[in-house]
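> A predicted structure for the sequence below; I have some questions about it.
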Amino acid sequence: MTKESVHNLPTISTSQPAEPVDAIPPTSYVPPDEAYTRSKPLGLGENLRNLFIACIGEFVGTFMFLLFAYLIATVANYDKTAAGPNAAKIIMISFGFGFSLLVNVFIFFRVSGGQFNPCVTLALTLVGAVPPVRALCLAITQLLAGMAAAGVADALTPGPVSFINTLGDDVSRTRGLWIEMFCTAQLCLTVLFLAVEKHRATFMAPFPIGMSLFIGHLVAVYPTGAGINPARSLGPCVVGKSFPNYHWIYWVGPILGSIFSVGLYHTLKFLDYETSNPGQDNQD
């Protein structure tokens, strides 16, 4: 090749980069949660939509929790021969309610908080974790779910409703009221200090919440039938069309327990309880 031919070759400018021939425009990735949020189903406002979702979660969660608990209690009560407290029956019913709560709190904790109990909802409202209007809607939803669960459990099992709360032999109304109060207070304290108070063990809160209901039933199954939850107590009475004249203790007792737990929680928060045993959430 001669010098003249070299000079005649076309030159390529490097001042601007060449554009790709088949350039593909970049696509932006939208996470699934954000995509659902952007879609805003039902055309509802944000607050109303969230309340609707929470009510669905509370209804389904309360229904599933109580349905399986009622069915287990029915199986445990098949044996009518034993008089007085029966250890195997008490343990079976306690496991049924405790573990059914544990499982369903784990499922619905991120949907509605997994409260499933008007007295737990009351405690959360009194500490400012749940707004009053939302709390009222959730409490009504829980009561309706309790009635629905009792109706389905009754339809699935033979014989009359066998899981209505009743006082045991020689158990006075006053004694039953106090038992219901303290067992509910134990449950609400567990929720307040392990779910409302955020710390390293918060993700494990469903376990102690379920275990709290378990030990409450170990104490209360024989003397009161272990209400500890107005939604649990109301449903069977409505379905069985049987309201004992002391049914009020299954409302007043748990409500007092909820208020007691909130009072203790506020007292310890006011005293800065974290300073009495610091460093519990350290990674070391």
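Everything's here; your move.
> remind me which residues of the stretch 151-284 of the chain are low pLDDT?
Residue ranges of the stretch 151-284 of the chain with pLDDT under 70: 282-284.
> all helices of it, in order?
Using DSSP state H, counting those that start in this stretch, the helices of the stretch 151-284 of the chain run over 173-191, 206-224, 230-240, 249-270.
> For those, give me JSON lines that also has mean neighbour count and distance to Leu167.
Every residue, glycine included, has its C-beta placed from N, CA and C. JSON lines is the format used below for those (neighbours: other C-beta atoms under 10 Å; distance: least, C-beta to C-beta, whole Å):
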{"stretch": "helix 173-191", "mean neighbour count": "22", "distance to Leu167": "5"}
{"stretch": "helix 206-224", "mean neighbour count": "21", "distance to Leu167": "6"}
{"stretch": "helix 230-240", "mean neighbour count": "24", "distance to Leu167": "12"}
{"stretch": "helix 249-270", "mean neighbour count": "19", "distance to Leu167": "8"}
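> Distance to Ile56 for those helices - can I get that in a markdown table?
A markdown table is the format used below for the helices of the stretch 151-284 of the chain (distance: least, C-beta to C-beta, whole Å):
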| stretch | distance to Ile56 |
| --- | --- |
| helix 173-191 | 21 |
| helix 206-224 | 19 |
| helix 230-240 | 16 |
| helix 249-270 | 24 |
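> Out of those helices, which gets nearest to Ala145?
helix 230-240 (6.7 Å; C-beta to C-beta).
> Contacts for that closest one next, please.
Contact with helix 230-240 is made by 62, 66, 69-70, 116-119, 142-143, 145-151, 154, 160-161, 163-165, 227, 243-244, 247, 250-251, 254-255, as judged by C-beta atoms under 8 Å, 6 or more residues apart in numbering.
> Just give the closest residue to Ile53, not the sequence neighbours.
Of all residues not flanking Ile53 in the chain, Val111 sits nearest, at 6.6 Å (C-beta to C-beta, 6 or more residues apart in numbering).
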